[in-house]
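Student: Mind looking at a prediction? Sequence and model below.
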Amino acid sequence: MSPESSPGSAADEGVLADGLDFICLDAQLSEEERAVRDSVARLVHERVLPLIAECFEAGRFPRELVPEFARLGLFGATLHGYGCAGLNAVSYGLICRELERGDSGLRSLVSVQSSLCMYPLDAYGSDAQKQQWLPRLARGEALACFGLTESQGGSDPGAMRTRARRAGEDWILSGSKMWITNAPIADVALIWAQTEQGVRGFLVERGTPGFSAQEIAHKFSLRASSTGALFLDEVRVPAAAILPHALGLKAPLSCLSQARFGIAWGALGAAQACLAEALAHAGERVLFGRPLSHTQAAQIRLAEMVRGLASAQAMALQLARLKDAGTLTPAQISLGKWHSCRVALDIARECRDLLGGAGISLEHATLRHLLNLETVVTYEGTQTVHQLAVGRALTGHAAF
Ligand SMILES: Cc1cc2nc3c(=O)[nH]c(=O)nc-3n(C[C@H](O)[C@H](O)[C@H](O)COP(=O)(O)OP(=O)(O)OC[C@H]3O[C@@H](n4cnc5c(N)ncnc54)[C@H](O)[C@@H]3O)c2cc1C
């Protein structure tokens, strides 16, 4: 028997594995991918961690970080041109993971700006729309939001009630959107509306008559992110506001695929932050005369967490490689988003418990991550919706 196949042998004694990268996936990263990972990790360590607990407690979006994220090229990082970094999918995943080690709300900011707003502008926008918005969004001089969900049911966007009708050359939009990240602070909203041609996307600028946003208060999750409702009361926009190449519901769904891919990575950053905190705590906490980490029960619980984390990390990396190869399917993204969120939530709950009473305090990061993950598992498609997407891919039948 080789040393590797004999757990508990002398060869294993004293060997401390990295629980956050147990199967050494980071060793597979290219030099550029590692540089991206390290620069975002540094930003999170130096600028995010010192202020995020206070922001979460106060329910404040740390707007002062936007220029710093922009300087690192985090907005629209995979796009080419317009001042964007042109990075690959693995790098985008790493950006999401490292940001969410800080807080899911800040990863949400980057996901919405990049995947839900800059991606559709690039994929479906006119040249004039791209020139007007992409450089400003990349520089963080403007913020954008993505208005798809409505109060009657986010899982079923095809039932949307927001309507756009022609008025000569212009369009008139009426309806409302609910649970929209960045809505109260966005300079431009991408509003999805039913038209006689099916679902179309419209760029509606802040200050347009009849268009208003309202902050959603009393959130117990993503408190460092601004979330709001949008109201459109006979809002008139010019023909130039419609995304010319976005036709039908598949356009907003394609944006969600981009963002869900990022979440499959991001949620694991939150899980890693919780696991790191629990590992440190278990090593220091002395109960019944020995550190908690020396007990079988704690070790089994930590090992179970690492089992989930390593499998989700491996899946996320493989999905990124498929994305870079151009073969990633929406059902594969559904599997990744669902799996990572499930793993991260389970880890956050276990870590919260291992921290004991201290685990309910904002002095530790774990409860903040746990509360955030309750949103992350819900938005961009709930667990059930992604299970049904995988089920449809397996059987050929939609059971939504
Ligand atoms: C903080 C936050 C930020 C958000 N940001 C944005 C944003 O920027 N833009 C945007 O457009 N949206 C955003 N959302 C909305 C989010 O995408 C929706 O909340 C999500 O899609 C779920 O929709 P819902 O809340 O209406 O729940 P519902 O769709 O009403 O779902 C309720 C329950 O029914 C289950 N369910 C759904 N379908 C089925 C079925 N066929 N069979 C069995 N069970 C089913 C769901 O899994 C869930 O458990 C955000 C949400 C939150 C909380």
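Tutor: That came through fine.

Student: For the chain, give the helix that spans the most residues.
Tutor: Assignment by DSSP state H gives helix 250-284 as the longest helix of the chain.

Student: for that one, packing partners?
Tutor: If you count contacts as 3 or more C-beta pairs under 8 Å, 6 or more residues apart in numbering; DSSP states H and E, helix 250-284 packs onto helix 89-102, helix 104-111, helix 119-124, strand 198-205, strand 290-291, helix 296-325, helix 330-354, helix 366-376. C-beta here means a position set from N, CA and C on the backbone, and glycine is covered the same way.

Student: one more time with 6 Å
Tutor: Helix 250-284 is packed against helix 89-102, helix 104-111, helix 119-124, helix 296-325, helix 330-354, helix 366-376, with contacts defined by 3 or more C-beta pairs under 6 Å, 6 or more residues apart in numbering; DSSP states H and E.

Student: Save those helices as TSV, and put in mean pLDDT too.
Tutor: Listed next are those as TSV, based on pLDDT from 0 to 100:
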stretch	mean pLDDT
helix 89-102	98
helix 104-111	98
helix 119-124	98
helix 296-325	98
helix 330-354	98
helix 366-376	98
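
Student: would you turn these into JSON lines with mean neighbour count and distance to residue 212?
Tutor: Shown next, in JSON lines, are the helices and strands packed on helix 250-284 (neighbours: other C-beta atoms under 10 Å; distance: least, C-beta to C-beta, whole Å):
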{"stretch": "helix 89-102", "mean neighbour count": "27", "distance to residue 212": "30"}
{"stretch": "helix 104-111", "mean neighbour count": "28", "distance to residue 212": "21"}
{"stretch": "helix 119-124", "mean neighbour count": "21", "distance to residue 212": "23"}
{"stretch": "helix 296-325", "mean neighbour count": "17", "distance to residue 212": "37"}
{"stretch": "helix 330-354", "mean neighbour count": "23", "distance to residue 212": "31"}
{"stretch": "helix 366-376", "mean neighbour count": "24", "distance to residue 212": "23"}
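
Student: Put together a markdown table for those, with distance to the ligand on each row.
Tutor: As requested, those are exported to a markdown table (distance: least, C-beta to the nearest ligand atom, whole Å):
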| stretch | distance to the ligand |
| --- | --- |
| helix 89-102 | 14 |
| helix 104-111 | 7 |
| helix 119-124 | 12 |
| helix 296-325 | 20 |
| helix 330-354 | 11 |
| helix 366-376 | 4 |
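
Student: Of all these, which one comes closest to residue 158?
Tutor: Closest to residue 158 of the helices and strands packed on helix 250-284, according to C-beta to C-beta: helix 330-354, at 15.3 Å.

Student: What is the closest one packed up against?
Tutor: helix 250-284, helix 296-325, helix 366-376, helix 383-395.

Student: got the CA coordinates for stretch 107-118 in PDB?
Tutor: Provided in PDB are the C-alpha atoms of stretch 107-118 (Å, rounded to 0.1, in the frame of the first residue of the first chain):
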ATOM      1  CA  ARG A 107     -20.100  39.900  -6.200                       C
ATOM      2  CA  SER A 108     -23.700  40.700  -7.100                       C
ATOM      3  CA  LEU A 109     -22.700  44.300  -8.000                       C
ATOM      4  CA  VAL A 110     -20.100  42.900 -10.500                       C
ATOM      5  CA  SER A 111     -22.400  40.100 -11.800                       C
ATOM      6  CA  VAL A 112     -25.200  42.500 -12.500                       C
ATOM      7  CA  GLN A 113     -23.000  45.200 -14.100                       C
ATOM      8  CA  SER A 114     -21.000  42.600 -16.100                       C
ATOM      9  CA  SER A 115     -23.200  39.600 -16.900                       C
ATOM     10  CA  LEU A 116     -26.600  41.100 -16.900                       C
ATOM     11  CA  CYS A 117     -26.000  44.600 -18.400                       C
ATOM     12  CA  MET A 118     -22.700  44.800 -20.200                       C
END
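
Student: in the stretch 1-150 of the chain, which spans are strands?
Tutor: Along the stretch 1-150 of the chain, counting by DSSP state E, counting those that start in this stretch, strands occupy 80-81, 84-85, 144-147.

Student: among those strands, which is the most enclosed?
Tutor: Stretch with highest mean neighbour count among these: strand 144-147 (a mean of 28; mean count of other C-beta atoms under 10 Å).

Student: That one pairs with which strands?
Tutor: Strand 144-147 pairs in its sheet with strand 188-195 (parallel), by DSSP bridges.

Student: which residue packs closest to the residue of the stretch 151-300 of the chain found nearest the ligand, ignoring adjacent ones?
Tutor: Closest to the ligand within the stretch 151-300 of the chain is residue 154: 2.3 Å, counting by C-beta to the nearest ligand atom. Of all residues not flanking residue 154 in the chain, residue 179 sits nearest, at 6.8 Å (C-beta to C-beta, 6 or more residues apart in numbering).
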